[in-house]
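**Q** Could you look at this predicted model? Sequence included:
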Amino acid sequence: MLLAGGTDGGNEKVILHNARILAKSNHAIKNVVIAGNKATHDEIREIFRDFGGHVFLTKNVMPEIGVLDAEPCNKEVREIFIKHIIEAKGIAKARAMIDEVIMPTPSAGLEAAKLIAGGCKGVPGLGELLVVDVGGATTNVHSIATGKPTGNAVVLNHLPEPYIKRTVEGDIGLKYNIATLEELARQRERPPDFDEVVKRFYGGKLPDNETELICHDLMARIAVETAVNRHAGKLEIIYGPSGEIFVQRGKDLTQIKTVIGTGGGIIFAANPRQVLEGALYQKENQMILKPKEPELYIDECYIFYAIGLLGQVEPAKALNLIKKHLKKV
């Protein structure tokens, strides 16, 4: 459980009230991260004095109004994940054997995206980019971009978006959440034998003929399109005293020049470009601020997460390696 609230030195009442509620959870919650008003830390320690789980105090995710500082909190959550959640899966033994970097797969993907965008000493990055990862259970989207408005007469009306952002769509996956994709597919044109083919995929079967590949690619395309639609910023029209005003909520990704696809649904697609084009701006949905004219690449050797890990110790080698194996489609 992540508990935040109040800028540093600001409101204390809400976060303290919520802390008292959580402290009475009867051990149903094992890990609580406190990332709110730092002026409340002493009182929160007292509130959780008899708490049966683990309590972690870290920096405020919003120390000032309009200022985000999420990385210390993210780091704490990653460490909890490693130390308290997946130790039973042999991580302790692995750490003892290799004495090197261990991190959850989604974090490794995000680290890879950061490295590819920002570069490192002696090796330039590719600049602002979008990464789409279609998996069996989830579809993850990473954007490394400021997301500031690029259109005329557009105003921001939201909390600031992080430069490094990841969204995980837990209802979109090509194996465990295939029912969602099947339902979304019914809203568009599909092959005549689509329903019969999809029934085979429910058991985990992978496509192995032309008809199955076409249907699988369609669902992968829908996964990309839906996940990026949710991740990208959106324009809304409101009316004020001076007339029509465009309000942007979320990140404007229209000017991003690089989109990278990873995950089996994209890499092994019959037509990976067609699948990845689901991430692009659509005239029929022009209020969704997706990339307009980027170059499209795939992680052809399926090494994206390995790059995130290698980049922690050898960033230049990791960046050169992924540059070599990003295939334009």
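**A** Everything's here; your move. Residues are numbered from 1 along each chain as shown.
**Q** sec struct for Asp133, please.
**A** For Asp133, the secondary structure call by DSSP: H, G, I helix; E, B strand; the rest coil comes out as strand.
**Q** ok, it - contacts?
**A** Remark: with contacts taken as C-beta atoms under 8 Å, 6 or more residues apart in numbering, Asp133 is in contact with 109, 139-142, 261-263, 304. No exception for glycine: its C-beta is placed from N, CA and C like everyone else's.
**Q** Swap in 7 Å and give it another go.
**A** Contacts for Asp133 (C-beta atoms under 7 Å, 6 or more residues apart in numbering) come out as 109, 139-140, 262-263.
**Q** same check, this time on Glu244
**A** Ile237.
**Q** Please confirm that it is located within a strand.
**A** Yes: under the criterion used here (three-state DSSP), Glu244 sits inside a strand.
**Q** Return the set of residues that bridge with it.
**A** Partner residues in beta bridges with Glu244, using DSSP bridges, are Tyr239.
**Q** Which parts of the stretch 151-300 of the chain are helices?
**A** Assigned helices in the stretch 151-300 of the chain, in chain order: 178-185, 194-201, 210-231, 264-267, 272-276 (criterion: DSSP state H, counting those that start in this stretch).
**Q** packing partners for the longest one?
**A** Put plainly, it is helix 210-231. When contacts are defined as 3 or more C-beta pairs under 7 Å, 6 or more residues apart in numbering; DSSP states H and E, helix 210-231 sits against strand 129-134, strand 139-144, strand 164-169, helix 178-185, helix 194-201, helix 264-267, helix 272-276.
**Q** Over to the last one?
**A** Applying 3+ C-beta pairs under 7 Å, 6+ apart, one finds that helix 272-276 contacts helix 210-231, strand 258-262, helix 264-267, strand 295-299.
**Q** could the ones you listed be laid out in CSV, adding distance to Ala316, mean neighbour count and mean pLDDT?
**A** Formatted as CSV, the entries for these read as follows, by distance: least, C-beta to C-beta, whole Å; neighbours: other C-beta atoms under 10 Å; pLDDT from 0 to 100:
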stretch, distance to Ala316, mean neighbour count, mean pLDDT
helix 210-231, 29, 22, 96
strand 258-262, 19, 26, 98
helix 264-267, 25, 23, 95
strand 295-299, 19, 21, 98
